[in-house]
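1. coords please:
(one chain, ligands or ions: 1)
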Amino acid sequence: MINLDTPRKHRQLVEQAHQVALNMLRPISRKYDLAEHEYPKELDLLAAMIDGLSESGASSGAGASGVRREERADDGSVRNGTNLASVLSVAEMCWGDTALLLSMPRQGLGNSAIASVADPEQAIRFDGVWAAMAITEPGTGSDSANIRTTAVKDGDEYVLNGEKIYVTAGGRCEAVVVWATLDRSAGRAAIKSFVVPKGTPGMRVDRLEHKLGIRASDTATIIFEDCRVPAANLLGSPDVDSAKGFAGAMATFDNTRPLVAAMAVGCARAALDLTRELLEDAGVVIDYDRPAQVQSAAAARFLQMEADLEGAQLLTLQAAWLADNRRPNSLEASMAKAKAGRVGSDVTLSCVQLCGTLGYSEGELLEKWARDSKILDIFEGTQQIQQLIVARRILGLTSSELR
Ligand SMILES: Cc1cc2nc3c(=O)[nH]c(=O)nc-3n(C[C@H](O)[C@H](O)[C@H](O)COP(=O)(O)OP(=O)(O)OC[C@H]3O[C@@H](n4cnc5c(N)ncnc54)[C@H](O)[C@@H]3O)c2cc1C
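-> Got it, this is the predicted structure:
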């Protein structure tokens, strides 16, 4: 049975993350939104604190690397593990600032990819390495099976050639998890991921993007020209097994989509919390003991948004909880991402609307949260792609049968 309260063992972590968000992220939020591409140096101290907490066991494995499926005896007991801890803490940090969370050293989506599919030796070798995730290419976005970056085996190495765009933390990270194909004619089954450390000859950061939101987070184009990586840096099996198809690479998404959903939940909750204060200051009463339709339009809209956000949050917790309990969660991960991405954008923009001039101006962070939350409905699979995946799973259709 799933219990919808925050598990007692994770409450301290949630409170710590909330304090960090309130006292360390919020105060520098606007500064780095305005200073796009400037590295938020304050994060170094914070990252060191997070490392210290992990090492001491105080926040056992939460964060980007907390999404590993742990081996354990199936004794039928229910577990609230690191996947749940990760989504809870990530939501709190994004209540502080989504872009800064995405800029946190050693907490990249590449770290989640490594945690999801690395073998035990690789997990140790890449422990503590700040890793970004590079899937998207100039001709490949939603259709990730169409990847053109190639990886050719040459002795004990693979030789990578291709261009990756829109790599979050691509400029600042220490390594990039690159998706490349071993054989384009073999389709999805030949797509593998490789950990490429920064400084590897043949790899270069080409440019950084200017963006609508998450401006504190750097977004890079990275070029690979005859870039050689050790064969041991291939994550998962090197075999091209058409029966398993994309399974290895897609396992990453089952773990990262709930994390992105949690980011959307945290950012939207920040907007709702501030909107409640501003509405109350303006004399709007939000009454939980009376039906929404007999209250003011602003109060009714607020209640509706809270309910939507709670739905998104519960789906997110469910997807993470299933992973903790070693159950399949692809459907639930996509449901959570679809719902939270849509609700996050809707709630943050509606909060701007409800607060009028206060919502739209830079005096408050509401307009920033509306800009920041949009990306959470786009990366790690857009809203439309998540709905497609959900439909395929429910109807039992393959990707070629429903596109
Ligand atoms: C700020 C930012 C950070 C990013 N970070 C990363 C990162 O770290 N790593 C990485 O690899 N990528 C990253 N991306 C890329 C992101 O994952 C892609 O933008 C996303 O997957 C969509 O791909 P696309 O932009 O090519 O859009 P397209 O795939 O061209 O889609 C365009 C539109 O068509 C819709 N669409 C496409 N196919 C279908 C369909 N079959 N049915 C219905 N609708 C469809 C989409 O939903 C979308 O609305 C980032 C992007 C941004 C903007």
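2. Only C-alpha atoms from now on, for both contacts and neighbour counts.
-> Noted.
3. Out of the helices and strands in this structure, which is least certain?
-> When the helices and strands of the chain are compared on mean pLDDT, DSSP states H and E, helix 42-56 comes out lowest with a mean of 80.
4. which stretches of the stretch 151-300 of the chain have low pLDDT?
-> Residues of the stretch 151-300 of the chain meeting the criterion pLDDT under 70: 243-249.
5. for the ligand, what are the nearby residues on it?
-> Proximity of the stretch 151-300 of the chain to the ligand (CA under 6 Å from any ligand atom) is limited to residues 166, 167, 168, 219.
6. which of the residues you listed tops the neighbour count?
-> Neighbour tally across those (other CA atoms under 10 Å): the maximum, 27 neighbours, falls on residue 168.
7. Show me what the least confident helix or strand of the chain is packed against.
-> Of the remaining helices and strands, none touches helix 42-56 by 3 or more CA pairs under 8 Å, 6 or more residues apart in numbering; DSSP states H and E.
8. quick one, strands of the chain?
-> With DSSP state E as the definition, the chain shows strands at residue ranges 131-134, 150-154, 157-168, 175-181, 191-197, 203-208, 219-230, 234-235.
9. how about the ones you listed, which one is nearest residue 92?
-> Closest approach to residue 92 among those (CA to CA): strand 157-168, 20.1 Å.
10. And for the closest one, what's in contact with it?
-> The contact list for strand 157-168, computed with CA atoms under 8 Å, 6 or more residues apart in numbering, reads 102, 108, 132-138, 148-153, 180, 209, 217-231.
11. Distance check, residue 250 against the ligand.
-> Residue 250 sits 13 Å away from the ligand, going by CA to the nearest ligand atom, to the nearest Å.
12. That residue: how many residues sit nearby?
-> Neighbour tally, residue 250, other CA under 10 Å: 15.
13. got the contact list for the spatially closest residue to residue 103 that is not a sequence neighbour?
-> Excluding its sequence neighbours, the residue lying closest to residue 103 (CA to CA, 6 or more residues apart in numbering) is residue 217, at 5.3 Å. Residues near residue 217 by CA under 8 Å, 6+ apart: 36, 37, 99, 100, 102, 103, 168, 169.
14. how does it look with 7 Å?
-> Each residue near residue 217 by CA atoms under 7 Å, 6 or more residues apart in numbering is listed here: 99, 100, 102, 103, 168, 169.
15. Show me which pair in the residues you listed is furthest apart.
-> Pairwise distances across the contacts of residue 217 peak at 11.6 Å for 100 and 168 (criterion: CA to CA).
16. Could you give the backbone dihedrals for residue 127?
-> Residue 127 adopts backbone torsions of phi -60, psi 130, taken as degrees, to the nearest 10.
17. neighbours around it, how many?
-> For residue 127, the number of neighbouring residues by other CA under 10 Å comes to 15.
18. Can you show me the helices along the stretch 1-150 of the chain?
-> For the stretch 1-150 of the chain, helices defined by DSSP state H, counting those that start in this stretch occupy the ranges 8-20, 26-34, 42-56, 82-96, 98-102, 109-117, 120-125.
19. Nearest to residue 265, out of those helices?
-> With distances scored as CA to CA, the stretch of the helices of the stretch 1-150 of the chain nearest to residue 265 is helix 82-96 (6.1 Å).
20. And residue 350, how close does it get to residue 95?
-> To residue 95, residue 350 is 17 Å away according to CA to CA, to the nearest Å.
21. dump the residue contacts of residue 371.
-> By CA under 7 Å, 6+ apart, the contact list for residue 371 reads 212, 213.
22. Begin at 46, not 1, for the rest of this chat.
-> OK, 46 is where the count begins now, so the last one is residue 416.
23. Look up phi and psi at the one residue in the stretch 296-445 of the chain that gets nearest to the ligand.
-> Per CA to the nearest ligand atom, residue 424 is where the stretch 296-445 of the chain lies closest to the ligand, at 3.7 Å. Listed backbone geometry of residue 424 is phi -80, psi 170, with angles given as degrees, to the nearest 10.
24. Tell me how many other residues surround it.
-> Neighbours of residue 424 (other CA under 10 Å): 18.
25. Tell me, what's the model's pLDDT at it?
-> For residue 424, the pLDDT comes out at 96.
26. and what of residue 128?
-> With respect to pLDDT, residue 128 scores 91.
27. Also residue 102?
-> Taking residue 102 on its own, its pLDDT is 59.
28. what sits against the nearest residue to residue 423 once chain neighbours are set aside?
-> Leaving aside its sequence neighbours, residue 423 sits nearest to residue 386 (CA to CA, 6+ apart; 7.8 Å). Each residue near residue 386 by CA under 7 Å, 6+ apart is listed here: 306, 309, 421, 422, 428.
29. mind redoing it with 10 Å?
-> Each residue near residue 386 by CA atoms under 10 Å, 6 or more residues apart in numbering is listed here: 305-310, 313, 357, 380, 418-424, 427-428, 431.
30. and what of residue 218?
-> Counting by CA under 10 Å, 6+ apart, residue 218 makes contact with 148-153, 155, 174-178, 242-243, 263.
31. redo that, cut-off 6 Å
-> When contacts are counted by CA atoms under 6 Å, 6 or more residues apart in numbering, residue 218 touches 175, 176.
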